[in-house]
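Colleague: Quick one: sequence and predicted model below, then my questions.
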Amino acid sequence: MKRSTLAAPALLTVVLATVTACSSGSETAAVDAQTITITNCDTDLEFPSPAQRLFVNDGNMISMALALGAQDQVVAVSSMQRDAETLARHYGQDVVDGLNQVAPEYPSRETVLAQDPDTMIAGWNYGYSEDKNLTPDSLRADGIPAYTLTESCRQTDGERARGTVPPWDALRADLTNIGEITGRADTAQDVIADVDERLAALESAPQAQTPPTIFLFDSATDTVYTSGRFGAPQAIIEAAGAVSATADIDDTWVAVSWERIAAANPDAFLFVDYPPQTFAEKIELLRTRPGFADLPAVRDSRFLNLPYALWTSGPLNVDAAEQVRARLEQWQLVPESGIVPKFDDSVPA
């Protein structure tokens, strides 16, 4: 599937209100209070622009803020620790060290409110939760505009299936929208242009006559957590010149049976470096499960483990695509392309 050339949802309305405040003597000062209306998950919502006190959850959304250069507008972050090293590698140690992490995992409602943010950026199953009463609607009821990661938009009312647009379009939408919210629209378009240029290079690379089949392995118990066609891994695997074994599932992140993996007979496994299961434990599960030792990927140890922030929707997805492509070439599953990844984020066992 070719990557879409549709433009990301753009700014709909800008409202500028000028308030004149009296000062000493005859002097006056004009204070501009600006808001912006954007479309997020098919709903027109109002946000401050530029927002000055962002609360951002999860490494992938933090990477969006950092890619836009908006770190000084971030009042707090949560669920960053597992991706701190990756974010520092891409955006600078000083930048990451300067972020105020107020929760090592997903935050509580009270933690968010205590930071007095003017905008929250999170997603369904990326921090927003009815169980915690931390939802876009509940935050807005408290006067906090809440932005939802486009990859996580729910498909219909009452359903938990997520994903409404192709993954690269979801990323372009978020970068465009968050660029407007932070007053960094031009930078957002520069980031999108860089992603698109690198995707074009991957798309024009020599392709295998029969693309290899790849299984994305997040974690496992009696089932295996993976990603369907609306998740970022689908776009990453496809851009790298392969086929995702779960491309037919209309969801983002989802559990499947072990039998489905065996039936897919994958040529390689890609892993999400995500606790509590380690990379080594996941490999051991594959090697010891009856019948799995004979799968081509397991037999030939075709395993690549990349950090969470590269697999969840964000600007680092294109880095993941380049690194997956390089590894597929190393395994001789696709032709050599001459594409050299900008970073090596692989995590050893």
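Modeller: Yes, it's here. Quick caveat: nothing in here was measured; it's all calculated off a predicted structure. Numbers count the residues shown, from 1 in each chain.
Colleague: In stretch 126-145, which residues are buried?
Modeller: Using 16 or more other CB atoms under 10 Å as the test for burial, stretch 126-145 gives 126-129, 132, 134-136, 138-139, 144-145. Glycine gets a C-beta too; all of them are placed from N, C-alpha and C.
Colleague: In CSV: the residues you listed, plus distance to residue 299, secondary structure and pLDDT.
Modeller: Formatted as CSV, the buried residues of stretch 126-145 follow (distance: CB to CB, whole Å; DSSP: H, G, I helix; E, B strand; the rest coil; pLDDT from 0 to 100):
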residue, distance to residue 299, secondary structure, pLDDT
126, 35, strand, 94
127, 39, strand, 96
128, 41, strand, 96
129, 41, strand, 94
132, 44, coil, 94
134, 45, strand, 97
135, 46, coil, 97
136, 46, helix, 97
138, 50, helix, 97
139, 49, helix, 98
144, 52, coil, 97
145, 52, coil, 98
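Colleague: Tell me, please, where in the stretch 151-300 of the chain the pLDDT is lower than the cut-off.
Modeller: Counting by pLDDT under 70, the stretch 151-300 of the chain has low-confidence residues at 157-160.
Colleague: Please repeat the previous calculation with a cut-off of 90.
Modeller: Residues of the stretch 151-300 of the chain that meet the criterion pLDDT under 90 lie in 154-164, 251, 274-276.
Colleague: Domain map for this protein?
Modeller: 13-199, 207-330 (automatic domain parsing).
Colleague: The first one: how far from the chain's middle?
Modeller: What it means is domain 13-199. Centroid separation between domain 13-199 and its chain, computed with CA atoms, centre = their mean, to the nearest Å, is 13 Å.
Colleague: repeat for the shortest one
Modeller: Its chain's average C-alpha position is 16 Å from that of domain 207-330, according to CA atoms, centre = their mean.
Colleague: Helices of the stretch 1-150 of the chain, residue ranges please.
Modeller: For the stretch 1-150 of the chain, applying DSSP state H, counting those that start in this stretch gives helices covering 59-67, 84-91, 93-97, 109-114, 136-141.
Colleague: how about those, which one is nearest residue 287?
Modeller: Residue 287 lies closest, by CB to CB, to one member of those: helix 84-91, at 26.9 Å.
Colleague: Tabulate the helices of the stretch 1-150 of the chain (TSV), appending distance to residue 340.
Modeller: Converted to TSV, these look like this (distance: least, CB to CB, whole Å):
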stretch	distance to residue 340
helix 59-67	20
helix 84-91	16
helix 93-97	24
helix 109-114	41
helix 136-141	40
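Colleague: Now do the SS call for residue 329.
Modeller: Recorded secondary structure, residue 329: helix (DSSP: H, G, I helix; E, B strand; the rest coil).
Colleague: from the buried residues of stretch 126-145, which single one is nearest residue 247?
Modeller: Of those, the one sitting nearest to residue 247 (CB to CB) turns out to be residue 126, at 21.9 Å.
Colleague: what bridges to the closest one?
Modeller: For residue 126, the beta-bridge partners are residue 123 (DSSP bridges).
Colleague: Might you report the residue contacts of it?
Modeller: By CB atoms under 8 Å, 6 or more residues apart in numbering, the contact set of residue 126 is 57-58, 60-61, 149, 152, 312.
Colleague: from the residues you listed, which single one is nearest residue 195?
Modeller: residue 60 (13.7 Å).
Colleague: ok, now how distant is that closest one from residue 339?
Modeller: 23 Å (CB to CB, to the nearest Å).
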